[in-house]
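Novice: Quick one: sequence plus predicted model below, questions after.
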Amino acid sequence: MTLLDFARGPALYAATLIMVCGLVWRLTGVALLPFRRDLAASGPNAKGRVSGALWQVVSRSFPRRSFLGRTMVTVTIGYAMHIGLAVILLGGAPHILLVTQATGLDWPALPKGIVAIASGVTLVSLLLVILRRLTHPVLRLLSNVDDYLSILLTLIPVLTGILLAEETLLPYETLLTWHILSVEALMIWLPFGKLAHVVFVFAGRAALGARQARKGALQ
Amino acid sequence: MSPMPPSRAPKIAPATRRIAESRSQEDQTRLDAAMRGFITDFGPEAATWMEACLHCGQCAEACQFYVETGDPKYTPIWKIEPFKQAYNRQMGPFAPLFRMFGLTPSVSLGQLEHWQELLYDSCNMCGRCTMVCPAGIDIADLVEKARHGMFDAGLVPPDYLGALAGKERETGSPFGIAPNAMRDSLLEIGEKHGVEMHVDEPRAEVVPAVSSIDLKMYPDSIAATAKVLNHIGVRWSFMTKGFDADNVSLTAGDREGQKIVTEAIVAAATDCGAQVLIMPECGHSYTEMRWEAANTVGHALPFRVLHMSEYLAEALEAGQLHLRPVPKDGQGHGVTFHDPCQVSRRSGRSDAPRRIMQALGLDLHELADHGPDSWCCGGGGGVALIGRAKTLRNHAFDIKKRQVAETGADTVYVTCTGCRQTFEHGFKDAGAETGVGSLLDLVAEQLDEKEKTS
Ligand code: SF4
Ligand code: SF4
């Protein structure tokens, strides 16, 4: 078995298993805590808990105007990185092929040039994120090993992906192997650290939305 | 998680421990008590928030303490850092892994003592940071839980806040005002202001709770309450068996004291068959009665809980409250309004005071950030009751002062006793001449008795 076979086979299964089980464990760990029924009367402008949760999940994706003056840089870099990642994952032909092979689902790929630009934007954004964490007083104070590890584990697949798409520097197979392995490293770390925000950021919004909806104080 | 760099820990002298018996307790016992206090009542909501932080730092930009001082230690989520660490080590879904690999250092009592300033002196529990957080983390709620832990470990700031909470738990009033003394004071205020006062009536549809701060500093507001309720013509009464609308215990983190106060008010209002309990111009205790009391007593309340501004807005709408418009000031300065965080942002009722101001014909010049976006005055969450926090509080108030000045208004109206005090002190300390007015007092001055009888 070559390293590429290993990366495509057992390593992929193991990484997927760890990611899914880890996330389920972490989610169950919080979801199973005793839930207290709220006996307070709801507010005069109350909305349903579920619609409040959903509304908050969506609305928090857009920055609130009153804060934008002070949060513009963080928001811009965050948007650039996340949109870039979405374009790479959902628009890159090899990624679509992978999904098609696994599920049968298929959709048209974006032109290679666009995916290349998105990859560049994502890479630069990730580097800026690191730079800001190292220099901004608040971010320096908050940042820990988990933060840097999570960024690094996102950055390496993007970097190997760019090299792979350009078929440069190293032989194609070697690059492919390292690209897949780096994605698997990301998948393995995902449930344990900050990367779990792919789930928890929405769970946090939903929890707030449900509560504030009852009060009629959704913002 | 990285260990706490000692240079980053707030540098203040270790706190005096408030609970006498705590002195003899081993540090570990007190630490355990702190963590237990923190995680009691921890449901899926709070646990989700503990897992959700991205360390994006945006909450700092929403907090007056960071924005005005530029000191990163005032970053909202950093204020609960030791509790986050302890949660990860002891309670989180991966706690065994965190311990095994030493991913989070254990928290020490000294660390918590250092954190006292961050959890008490520099948090108004105003929830502004909650609005900016992309993960929807209610940091104010987590700070409240952390304060439970701090209280249980005997780490409440002793001056004023701790002392007042202790008195409140003992006597039911932060100033130790006994029911009969309260009754005498209320009747005296009625006499002095020539207002018919109703105290401890056997039946009453409407019961206003009383803030001891109003009693001591703003008795006019108590007279105004009576005057307005008499005008509306409802059957009402103050109830001295449970009146304390301050609930200092809540801000101190004393759950037991908080419960004692809440239960007394609920019992008093229930006994006289109240349909409405009015929380006077007050913030945190409104939140407690409005959103927590039912859970504290374990059943739905048999009456509605309304903030004074909500009650007045309803009475206006129902045609029970008749107001004369305020004559326009010649210079056209107009007035501005400060939204109390707990009513406006946290409970979604920015509309109520504005309806009243409209009925009064006030020329309202809104602050640049108003309604749910309003900045806290800096005194909320018990900060006004911490003597040593004065300089920091005035720093936090600067943003408010600037925004008020920008409106050009010569008076700022408030609907919360705590805000009123903070504004008065803040303006005085800054040598500003802007007036601070209570909206309730203004309503009482502008009652239109002729319109009422016609
Ligand atoms: S804004 Fe929210 S997610 Fe960002 S650091 Fe603050 S608490 Fe964490
Ligand atoms: S609740 Fe208010 S005072 Fe406390 S950290 Fe958040 S913004 Fe700052």
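Specialist: Structure's in. What do you need? Ligands and ions are numbered 1, 2, ... in the order given.
Novice: Pull out the buried residues from the helix or strand hosting A:Leu97.
Specialist: A:Leu97 is located in helix A:93-103, with elements delineated by DSSP states H and E. Under the neighbour-count criterion of 16 or more other CB atoms under 10 Å in any protein chain shown, helix A:93-103 has A:Ile96 buried. Bear in mind the C-beta positions are built from the backbone N, C-alpha and C, glycine included.
Novice: what's the neighbour count on the residue lying closest to B:Leu164 once chain neighbours are set aside?
Specialist: Nearest residue to B:Leu164 in three dimensions, chain neighbours excluded: B:Pro174, at 4.0 Å (CB to CB, 6 or more residues apart in numbering or on different chains). Counted by other CB atoms under 10 Å in any protein chain shown, the residues lying close to B:Pro174 total 28.
Novice: Quick check: the gap between the residue in the stretch 351-454 of chain B positioned nearest to chain A and A:Leu68.
Specialist: Among the residues of the stretch 351-454 of chain B, B:Asp373 lies closest to chain A, at 4.3 Å counting by CB to the nearest CB. According to CB to CB, to the nearest Å, B:Asp373 and A:Leu68 sit 12 Å apart.
Novice: How confident was the prediction at B:Pro280?
Specialist: The model reports B:Pro280 with a pLDDT of 86.
Novice: Identify the residues contacting it.
Specialist: B:208-211, B:214, B:221, B:225, B:245, B:308, B:417, B:440 (CB atoms under 8 Å, 6 or more residues apart in numbering or on different chains).
Novice: Without its sequence neighbours, what residue ends up closest to B:Cys53?
Specialist: B:Ile77 (5.6 Å).
Novice: Checking that neighbour next. Helix, strand or coil?
Specialist: With DSSP: H, G, I helix; E, B strand; the rest coil as the basis, B:Ile77 sits in helix.
Novice: And for B:Ala300?
Specialist: Under three-state DSSP, B:Ala300 comes out as coil.
Novice: what about it, neighbour count?
Specialist: Neighbours of B:Ala300 using other CB under 10 Å come to 11.
Novice: and the stretch 351-454 of chain B, which residues reach chain A?
Specialist: B:369, B:372-373 (CB under 8 Å from any CB of the partner chain).
Novice: rewinding a little: pLDDT on the helix holding A:Leu97, on average?
Specialist: 94.
Novice: list the helices and strands it packs on?
Specialist: helix A:65-91 (3 or more CB pairs under 8 Å, 6 or more residues apart in numbering or on different chains; DSSP states H and E).
Novice: The helix it packs on and chain B, any residue contact?
Specialist: Yes: Helix A:65-91 comes into contact with chain B (CB under 8 Å from any CB), by way of A:66-67, A:70-71, A:74-75, A:78.
Novice: Including distance to A:Leu105, neighbour count and pLDDT, could the residues you listed go into JSON lines?
Specialist: Compiled in JSON lines, the residues of helix A:65-91 next to chain B are given as follows (distance: CB to CB, whole Å; neighbours: other CB atoms under 10 Å in any protein chain shown; pLDDT from 0 to 100):
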{"residue": "A:Ser66", "distance to A:Leu105": "41", "neighbour count": "18", "pLDDT": "94"}
{"residue": "A:Phe67", "distance to A:Leu105": "38", "neighbour count": "19", "pLDDT": "96"}
{"residue": "A:Arg70", "distance to A:Leu105": "41", "neighbour count": "16", "pLDDT": "96"}
{"residue": "A:Thr71", "distance to A:Leu105": "36", "neighbour count": "21", "pLDDT": "97"}
{"residue": "A:Thr74", "distance to A:Leu105": "34", "neighbour count": "21", "pLDDT": "97"}
{"residue": "A:Val75", "distance to A:Leu105": "32", "neighbour count": "17", "pLDDT": "97"}
{"residue": "A:Gly78", "distance to A:Leu105": "28", "neighbour count": "18", "pLDDT": "97"}
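Novice: Okay, helices next: where are they in the stretch 101-250 of chain B?
Specialist: Listed from the start of the chain, the stretch 101-250 of chain B has helices (DSSP state H, counting those that start in this stretch) covering B:109-116, B:128-132, B:139-152, B:163-171, B:179-193, B:212-217, B:219-232, B:248-252.
Novice: Would you mind pulling the contact partners of the last one?
Specialist: If you take CB under 8 Å, 6+ apart as the criterion, helix B:248-252 is touched by B:125, B:144, B:147, B:151, B:156, B:161-162, B:164-165, B:168-169, B:174, B:255-258, B:260-261, B:284-285, B:288, B:381-382, B:385.
Novice: Same question for the second one.
Specialist: Outside of helix B:128-132, the residues within contact range by CB under 8 Å, 6+ apart are A:64, A:67, A:71, A:208, A:219, B:58-59, B:61-64, B:76-77, B:136-141, B:341, B:345, B:372-373, B:375-376.
Novice: Between the residues of the stretch 351-454 of chain B next to chain A, which sits nearest B:Thr336?
Specialist: B:Asp369 (11.7 Å; CB to CB).
Novice: Would you agree the closest one is in contact with B:Ser350?
Specialist: No: B:Asp369 is beyond contact range of B:Ser350, at 11.8 Å (criterion: CB atoms under 8 Å).
Novice: between the two, which one's more packed in?
Specialist: Ranked by neighbour count (other CB under 10 Å), B:Asp369 and B:Ser350 place B:Ser350 first, with 20 against 16.
Novice: For B:Leu155, grab phi and psi.
Specialist: Main-chain dihedrals, B:Leu155, degrees, to the nearest 10: phi -120, psi 40.
Novice: again, but for B:Leu277
Specialist: phi -110, psi 120.
Novice: which residue packs closest to A:Ala11, ignoring adjacent ones?
Specialist: Distances taken as CB to CB, 6+ apart put A:Glu184 closest to A:Ala11, at 5.3 Å, once the chain neighbours are dropped.
Novice: circling back to that earlier point, give me the distance between the residue nearest to B:Cys53 and ligand 2.
Specialist: Per CB to the nearest ligand atom, to the nearest Å, B:Ile77 is found 8 Å from ligand 2.
Novice: How about B:Asn124?
Specialist: 4 Å.
Novice: Grab the most central residue of chain A for me.
Specialist: In chain A, the residue lying closest to the centroid (CA atoms, centre = their mean) is A:Val198, at 4.4 Å.
Novice: That residue against A:Met187, yeah?
Specialist: No: counting by CB under 8 Å, A:Met187 is not a contact partner of A:Val198; they are 11.0 Å apart.
Novice: Any chance of the backbone angles for the closest residue in space to B:Gly371 that isn't next to it in sequence?
Specialist: Spatial nearest neighbour of B:Gly371, chain neighbours left out: B:Ser350 (4.0 Å); criterion: CB to CB, 6+ apart. Backbone geometry at B:Ser350, expressed as degrees, to the nearest 10, gives phi -70, psi -20.
Novice: you'd agree B:Gln275 is up against B:Val206?
Specialist: Yes: at 7.1 Å, B:Gln275 counts as touching B:Val206 under the criterion of CB under 8 Å.
Novice: more crowded one of those two?
Specialist: For B:Gln275 versus B:Val206, neighbours defined as other CB under 10 Å are more numerous around B:Val206 (23 against 14).
Novice: dump the residue contacts of that one.
Specialist: B:229, B:234-237, B:274-278, B:311.
Novice: still on that earlier bit, in terms of neighbours, single out the busier of B:Asp373 and A:Leu68.
Specialist: A direct count of neighbours by other CB under 10 Å for B:Asp373 and A:Leu68 places B:Asp373 higher, at 20 against 13.
Novice: where does chain B have low pLDDT?
Specialist: By pLDDT under 70, the low-scoring segments of chain B are B:1-25, B:281-282, B:452-454.
Novice: residues from it in reach of ligand 2?
Specialist: B:62-63, B:65, B:76, B:79, B:123-129, B:139-140, B:143, B:376 (CB under 6 Å from any ligand atom).
Novice: Nearest residue to the residue of chain A found nearest ligand 2 in space, please, no chain neighbours.
Specialist: Nearest to ligand 2 in chain A, going by CB to the nearest ligand atom, is A:Phe67, at a distance of 11.3 Å. Distance criterion CB to CB, 6+ apart; nearest residue to A:Phe67, sequence neighbours excluded, is B:Val132 at 4.7 Å.
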